[in-house]
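Student: heads up, no residue letters with this:
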C-alpha cells in the first residue's frame, strides 16, 4: 500500500473545508468576506477609548485585527471557493468510481485503485446506504480510522486497506477495536480489496466488527449502484406525475362545446368561475368531453363530464 504524503497546514485546511458540500463552501466564502470586509474598515478615532498606555494598546490591537482582516477578506473566500471546487470534484469522482466498479465483470477492478480512490469508493458505497460519511483524509498512522459513518444517532468507524497481494491480519482488526472502545463507536468495518486471515475473522466475531473482503465489497458496490438507479427513477416518476395535470390541460383542450340549454354549469373547483364543456383532441383521452374552466389558460381547473 502506498504511503500517504505529508501535507502542509494550508492543504490540511483545504481538505477539511472540502469535506463540506460544495454549496456550503460557497456560502461560507460569502459570509467570511462580508464579516472580514467589515473588520477591514478604516479605524476611526472614535473607536479608540482610554488614555495613555490603554489607548496605545487598543490602537495596536485594532491595527492587528485590521491588517489580518484586510488580507483575510480575500484569502479566506478564495480558499473556501477552492474547497468548493475540490468538494464538487471529489463528489464527481466518487460517482464515477462507483459506476466504473459496478460495471466491471468482477472484483479485480478494485486492484488498480490508489488508496485514495479506494477510500472514496468505500465512502460512496456507504453514503448510498443512508450513512453520513466523514472522510478523515488519511490523517494519522496507517492503522487509524479512514471514515466515520453516522446513522440513527450511532457512530461507526471504517478502515480501508487497499492491499492487492496481502491478507489483512488480526493486528489491524485489533487496532480498530481499540479505537472503537476508546471513542465509544457502536461498530466498525474493515474493507479491503484482498482477504482476511482466519485469526482476523475469529477476533472480529462477537465484537460488532464487519470484515468486508474484495468480493463482498464488489457486491456491495453493485447493490449501492442499483439503489441509486432506483432512487433516480422514482424521482423522475414523481416529477412526471406532478407535471401531468398541466400537460394534459395544455394539449388536450379544444374549442368549447355548446351544452344543452338545461344542462347546469358547474363551478370551477379552483377559482369558482363558470365552466365550459370541452373535447380532448390529443392524448389518451382524445375525443372525450370534460368540463374546463372558462378562464383558461389563466385557470386550468377541470371536472369530469357526466
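Tutor: On my side now, so go ahead. On a predicted model such as this, the values are computed, not experimentally measured, just so you know.

Student: contacting residues around stretch 35-45?
Tutor: 59, 62, 63, 65, 66, 69, 70, 72, 73, 76 (Cβ atoms under 8 Å, 6 or more residues apart in numbering). (Glycine included, C-beta is placed from N, CA and C.)

Student: are any of those residues buried, and which?
Tutor: Among the contacts of stretch 35-45, those buried by neighbour count (16 or more other Cβ atoms under 10 Å) are 69, 70, 72, 73, 76.

Student: can you name the two of those that are farthest apart?
Tutor: Pairwise distances across the buried ones among the contacts of stretch 35-45 (Cβ to Cβ) peak at 11.6 Å, for the pair 70 and 76.

Student: Could you tell me which of the buried ones among the contacts of stretch 35-45 belong to strands?
Tutor: Counting by DSSP state E, these place none of their members in strands.

Student: Which of the residues you listed sits closest to residue 280?
Tutor: residue 76 (59.4 Å).

Student: Next one: the residue nearest to the closest one when sequence neighbours are not counted from residue 68, what distance?
Tutor: Once flanking residues are discounted, residue 76 sits nearest to residue 32: 4.5 Å by Cβ to Cβ, 6 or more residues apart in numbering. Remark: distance between residue 32 and residue 68 (Cβ to Cβ, to the nearest Å) = 12 Å.

Student: When the two are compared, which one has more neighbours?
Tutor: Shown here are residue 32 and residue 68; by other Cβ atoms under 10 Å, residue 32 has more neighbours (18 against 14).

Student: Report the secondary structure state of the more buried one.
Tutor: When classified by DSSP: H, G, I helix; E, B strand; the rest coil, residue 32 comes out as helix.

Student: so it touches residue 80, yeah?
Tutor: Yes. Between residue 32 and residue 80 a contact is recorded at 6.3 Å, counting by Cβ atoms under 8 Å.

Student: For the buried ones among the contacts of stretch 35-45, give me TSV that also has pLDDT and distance to residue 109.
Tutor: Supplementary listing: the buried ones among the contacts of stretch 35-45 in TSV, determined by pLDDT from 0 to 100; distance: Cβ to Cβ, whole Å:
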residue	pLDDT	distance to residue 109
69	84	50
70	86	51
72	86	45
73	87	46
76	91	40
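
Student: of the residues you listed, closest to residue 90?
Tutor: Lowest distance from residue 90 to the buried ones among the contacts of stretch 35-45 (Cβ to Cβ) belongs to residue 76, with 20.8 Å.

Student: tell me the contacts of that closest one?
Tutor: So residue 76 contacts 29, 32, 33, 36 (Cβ under 8 Å, 6+ apart).

Student: mean confidence for the strand or helix carrying residue 24?
Tutor: Here residue 24, judged by DSSP states H and E, is contained in helix 22-39. Mean pLDDT, computed over helix 22-39, is 90.

Student: And stretch 190-208, by the same measure?
Tutor: Here the average pLDDT along stretch 190-208 is 92.
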